[in-house]
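*Asks:* Structure, please.
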Amino acid sequence: MQTISLKSGSPDTVIPLLKNAIDREKRILAESLRVTREKVNKLAKDLAVDIDKLMRGGVKHTAPNDMQLLELEGEIEILRHLETEIKELESVEICG
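*Replies:* Purely as a prediction, here's the structure:
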C-alpha cells in the first residue's frame, strides 16, 4: 500500500470533507453495483445463459440473441469495473 500526502491550511476542515466525499462515492458505487447486478441477472435469466460460460466464450452468438448477449457482456464488464472501484475505495485510509 502506498501513502499519498495532501497539504492543507485547514486539515480539521479538509479531513472530514474527504471522508464524506469517499463515503458518498462508495454509496453511489454500491447503488450502481446493485442496479447493474439486477440488470445482469435479468439479462442472463431472460437469455437462459450461464454468465461464466458466456465470459469464457462458451455461448454461441446467433442473429436473434447477438445484441442481447453483447449487452450482457458489456454489463458484466461494467459490474467488474464497479467492483474494482469500490474495493479500492474501501481500502483507502485517511489519517490525520
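
*Asks:* What about K26, how many residues nearby?
*Replies:* 15 (other C-beta atoms under 10 Å). Quick note: C-beta positions are derived from backbone N, CA and C, even for glycine.

*Asks:* With the one 4 residues further on instead?
*Replies:* Other residues within reach of A30 by the criterion other C-beta under 10 Å amount to 13.

*Asks:* Buried residues, the helix or strand where it lies. List them.
*Replies:* In this assignment (DSSP states H and E), A30 forms part of helix 11-47. When neighbours are counted by 16 or more other C-beta atoms under 10 Å, the buried residues of helix 11-47 are found to be 18, 29, 32-33, 36, 39-40, 43-44.

*Asks:* Show me what the lowest-mean-pLDDT helix or strand in the chain is packed up against.
*Replies:* For the chain, the helix or strand with the lowest mean confidence is helix 51-55, at a mean of 92 (criterion: mean pLDDT, DSSP states H and E). For helix 51-55, the elements it packs on are helix 11-47, helix 66-90, judged by 3 or more C-beta pairs under 8 Å, 6 or more residues apart in numbering; DSSP states H and E.
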